[in-house]
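Q: sequence first, then the predicted structure, then my questions.
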Amino acid sequence: MKIISKIGISLATAALLFVGCGETPAPKAQEVVPKAETKAYGGLHLTQEKDLGYRQASLYNEKEDGVKSSTYNTTAPGESQRIQRAFQDAPPMIPHDTDGMLEITRENNQCLQCHTPEVAESMGATPIPKSHFLNMRPTHKIVDGRVTSEIDVLKNQVHIEVTKEVDAGRFNCVQCHAPQSDAALITENRFQPVYLNDDGAFRSHWSDRVDKNLDTVGKDSIVTKDDVANKDSAAGTLEH
């Protein structure tokens, strides 16, 4: 209730600024929001929802005039061309038709039928990478009312466990991978990616590193003992 009260006071104050306590007429709509339809509420001129985006149409009706329809890729699996990754290690987009393949459930994941490494080559599909067969979630326990973990994050330790099946955190494929439509971009995307390796546009640079020692503490680790001790850090020294 206190929050609502404060908002009410703010709106009343704003209204006084626009109306001038009734002595000065409210400004014309075009002076407040140029080239946009507005409605007055207590002296405030609010932009209509259809003017908030590029569509210039209702946000609640996809069939309304002015909304350009788009079509998702209808190329059959195995006949499509890979889509260049948006940036280094970005999740690759789905280049083929997904009609009838979604939704993904615990009992049914049709992506695995073609992309499981054992069958991917024969199906002409991209195999699921080794990184998807890793469980990197440490086990937490409650001991004497306190949460304990098998790793110490302050020492940059990590939990890595190789799994036989796709890890549960990677099972819902479309949380990262999405089909593409033929909708034209309203605003040009001028972002230019820089890839870390020659085939970075189509391949993750982690593909060959998963088999190596990924422990963040060790002689082959990128993290040094000084890093663990928080010495000579650009961010300063962490004392605890």
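A: That came through, no problem.

Q: could you list the low-pLDDT ranges of this protein?
A: Residues of the chain meeting the criterion pLDDT under 70: 1-43, 50, 53-59, 61-69, 156, 207-240.

Q: in it, which spans are helices?
A: Under the criterion DSSP state H, the chain contains helices at 2-19, 29-32, 111-115, 117-123, 225-228.

Q: give me the residues contacting the third one.
A: The contact list for helix 111-115 (Cβ atoms under 8 Å, 6 or more residues apart in numbering) reads 77-78, 101, 104, 119-120, 123, 125-128, 166, 173. For every residue, glycine as well, the C-beta is placed using N, CA and C.

Q: in that helix, which residues are buried?
A: Burial within helix 111-115, assessed by neighbour count using 16 or more other Cβ atoms under 10 Å, is assigned to 111, 114-115.

Q: give me the buried entries from the contacts of helix 111-115.
A: Neighbour-count burial (16+ other Cβ under 10 Å) applied to the contacts of helix 111-115 gives 77, 101, 104, 125-126, 128, 166, 173.

Q: which among these gets closest to residue 49?
A: Comparing those against residue 49 with Cβ to Cβ places residue 104 closest, at 32.7 Å.

Q: how about the contacts of helix 111-115 in CSV, adding distance to residue 87?
A: As requested, these are exported to CSV (distance: Cβ to Cβ, whole Å):
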residue, distance to residue 87
77, 25
78, 27
101, 26
104, 25
119, 29
120, 24
123, 28
125, 23
126, 18
127, 22
128, 21
166, 24
173, 19
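
Q: quick check: the farthest pair among these?
A: Farthest pair in the contacts of helix 111-115, by Cβ to Cβ: 78 and 166, 20.6 Å.

Q: nearest residue to residue 157 in space, ignoring adjacent ones along the chain?
A: Using Cβ to Cβ, 6 or more residues apart in numbering and skipping residues adjacent in sequence, the residue nearest residue 157 is residue 151, 4.1 Å away.

Q: ok, now which ones touch the one you found?
A: Counting by Cβ under 8 Å, 6+ apart, residue 151 has contacts 138, 157-159.

Q: mind checking which of these land in strands?
A: Judged by DSSP state E, strands contain none of the contacts of residue 151.
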